[in-house]
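Chemist: Predicted model and sequence follow; I will ask about them next.
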Amino acid sequence: MSRVEPLPADASPDLKDTLQTYKNYLGYVPNSVLIMQHRPKLVKALAQLAAAVWDKESEVNLGFKRLVAYMASRTHGCHYSMAHAAEAAHRLGMEDAKLEAVTEYRTSPLFTEAERVALDFAVAAASQPNAVTDALFEKMKRYWSDAQIVEIAVALNGFLNRWNDTMAVPLEPEPIAFGEKHLARHGWRVGKHR
């Protein structure tokens, strides 16, 4: 049960276009955004940041960036964001085998060395305290440009993971079904917030 009730999608008429963008992309408006409607400026700010992070002109494959988000959320322990990130990776064309092997990325032949380093970076950046070292950053620079590293950085997920767990945001039916099918073997479960 959410600690703050989601507002109906039509509660803030000035957010109609923003919420429609979520609906067009996901097929539904996330409960986290419906809760944020209590402060409409927060919804607009999040939408702008998310649009920049998930820009279609990204230099980093969007499906892979969602796997990075998944590993950051997994490190944080936010099951709401894990399900959203994994479902989005799938929607963006990430093959199921790679998605299902992401927790074994260090040894799975499905991942390149560049991807392994980026996923190590995601785990380190999402750790408390932050575990990104100069050595890890230098390793990132061997495979990724500065612009790509900025795209891969997981700060948006850090905010969303903390937000979703703090508010105890209920997961929507679509990511629940996806999580049960693809993530349960990695310890994901519906209703878990921490």
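Modeler: Nice, I can see it.
Chemist: How confident was the prediction at residue 114?
Modeler: The predicted local distance difference test score for residue 114 is 98.
Chemist: what's next to the one helix or strand it maps to, contact-wise?
Modeler: For residue 114, the element it lies in under DSSP states H and E is helix 113-126. Helix 113-126 is contacted from outside by 64, 67-69, 71-73, 75-76, 102, 105-106, 111, 130-133, 136-137, 139-140, 142-144, 149, 152-154, 157-158, 161, using C-beta atoms under 8 Å, 6 or more residues apart in numbering. In short, each C-beta sits where N, CA and C put it, glycine included.
Chemist: Same question for stretch 71-84.
Modeler: 30, 32, 69-70, 85, 102-103, 105, 119, 122-123, 125-127, 154, 157-158, 160-162, 164-165, 169, 171, 175-176, 178-179, 183, 186, 188-194.
Chemist: about what we covered before: just the buried subset of the contacts of helix 113-126, please.
Modeler: Among the contacts of helix 113-126, those scoring as buried are 64, 67-69, 71-73, 75-76, 102, 105, 111, 132, 136, 139-140, 143-144, 149, 152-154, 157-158, 161 (criterion: 16 or more other C-beta atoms under 10 Å).
Chemist: wait, residue 172 sits on residue 33?
Modeler: No - counting by C-beta atoms under 8 Å, no contact exists between residue 172 and residue 33, whose distance comes to 10.7 Å.
Chemist: quick one: which of the two has more around it?
Modeler: Neighbours of residue 172 and residue 33, each counted by other C-beta atoms under 10 Å, are more numerous for residue 33; the result is 23 against 20.
Chemist: outside of the helix or strand hosting that one, which residues touch it?
Modeler: Residue 33 belongs to helix 31-36 when assigned by DSSP H and E. Residues lying outside helix 31-36 but in contact with it, judged by C-beta under 8 Å, 6+ apart, are 2, 4-9, 19, 22, 42-43, 46, 80, 160, 163-164, 167, 169-172.
Chemist: right, and the helix or strand after that helix?
Modeler: Following the chain from helix 31-36 toward its C-terminal end, the next helix or strand by DSSP H and E is helix 40-53.
Chemist: How far off centre is the following helix or strand past that following helix?
Modeler: Past helix 40-53, further along toward the C-terminus, the next helix or strand under DSSP H and E is helix 62-76. What separates the centre of helix 62-76 from the centre of its chain is 5 Å, taken as C-alpha atoms, centre = their mean, to the nearest Å.
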